[in-house]
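Q: Could you work out the structure for the sequence below:
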Amino acid sequence: MSLGRLEKIDLRTYWKKEATDFTPWLAKEENIQLLSETIGIELEVQSQEQSVGPFSADILCKDTMNDHYVLIENQLEKTDHTHLGQLMTYAAGLDAVTIIWIAQKFTEEHRAALDWLNRITDDTFNFFGIEIELFKIGDSKPAPLFNLVSKPNDWSKEVKRSTSNTSASKNQLAQQNYWTELKSYLEKNKSIIKMQTPPAQHWTNITIGKSDFRISATVSSRDKTIGIWLNILGSNAKENFDKLYEAGYEKSIDEVNHDLNWDRMERRKMCAVILKTTGDFSDTNDWDNQFEWLKTNLEKYYKFFKPIIMKF
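A: Predicted coordinates:
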């Protein structure tokens, strides 16, 4: 069997200009999804060429996990000091907490600058440096490749946060350990579920690709249960719940679980689709059973609800 040969393509042959060619291409759903997979954060585009005083930032997104702003600055050439300064200016003006700098090539100095920013800031802030390349095989269509050259060190930031958080109770630290082990379990078993950095609290969130919607895994030491929630948030929570109910209630009972509780929560500003089972998270001997239940049902939630929600 003969194999093709990868051929690297000059970025400018496909994208002539950053503002009119590359930025609109990246802002398309399928391309921002590719970037999301590269950095491990679900992104939802909010605007292009977002004004910041007399300047304009290339793309402004939201992290669908927590609704924090994500700033993307593009450069189809080697990194320079001008764009580094723009990143800081735009991030301050837009109150962005995740900053992504995409360039054709990173100088060692600019890569080191992002590494330094990741090192000195707490876990609230994230700085990514990404080099983009284009390849083709023979007469194939060009294929983009994002290469991470700088990223947050989640482990060191988590250690920094844990050691500085002296007010965390033993129960909160036990919950954080539980989510840490669940995250490892999902990764080891190649689950489609991607968890956030394990928090010291009784729930952890999983993005579903749309702001105002998120899946949560929960533990309760009071009633000895573990659970999964599809949380519907925001000013349109009731309207979105009704649309989701109409589109998916009947099938969800068959395809997800017959014990689903669709709760409109009339006295609250949110709604939820809830599933619970018995389980004591402090019983480490039972963790494998609990993790398998969470994995199975988190995947069912994700596969069933995401396609419906993405159509809203």
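
Q: ok, which stretches of the protein are helices?
A: Taking DSSP state H to define them, one finds helices in the chain at 23-27, 29-39, 81-94, 108-120, 154-164, 170-188, 237-255, 287-309.

Q: Looking at the ones you listed, spot the one closest to residue 3.
A: Comparison of these against residue 3 by C-beta to C-beta identifies helix 29-39 as nearest, at 24.2 Å. Every C-beta, even on glycine, is put in place using the N, C-alpha and C of the backbone.

Q: Give me the buried stretch members for the closest one, please.
A: Buried residues in helix 29-39, defined by neighbour count with 16 or more other C-beta atoms under 10 Å: 31-32, 35-36, 38-39.

Q: same question for it, mean pLDDT?
A: For helix 29-39, the mean pLDDT works out to 89.

Q: who touches that helix?
A: Residues from elsewhere that reach helix 29-39, judged by C-beta atoms under 8 Å, 6 or more residues apart in numbering: 25-26, 42-45, 61, 72, 100, 128, 130, 144, 146, 148, 151.

Q: can you give me the end-to-end distance of stretch 92-104?
A: 25 Å (C-alpha to C-alpha, to the nearest Å).

Q: same question, stretch 16-28
A: Using C-alpha to C-alpha, the two ends of stretch 16-28 sit 17 Å apart.

Q: residues in contact with it?
A: 11, 14-15, 31-32, 35, 45, 48-49, 58-59, 72, 74-76, 102.

Q: Apply 6 Å and report the result again.
A: 15, 31, 45, 48, 58-59, 74, 76 (C-beta atoms under 6 Å, 6 or more residues apart in numbering).

Q: Just give me the residue right at the centre of the protein.
A: In the chain, the C-alpha nearest the mean C-alpha coordinate belongs to residue 41, at 2.4 Å (C-alpha atoms, centre = their mean).

Q: Do I have it right that that one meets residue 64?
A: No - applying C-beta atoms under 6 Å as the test, residue 41 and residue 64 come out as separate, 8.4 Å apart.

Q: Could I get the contacting residues of the nearest residue to residue 257 once chain neighbours are set aside?
A: Spatial nearest neighbour of residue 257, chain neighbours left out: residue 275 (5.4 Å); criterion: C-beta to C-beta, 6 or more residues apart in numbering. Shown in contact with residue 275 (C-beta under 6 Å, 6+ apart): 228, 257, 260, 297.
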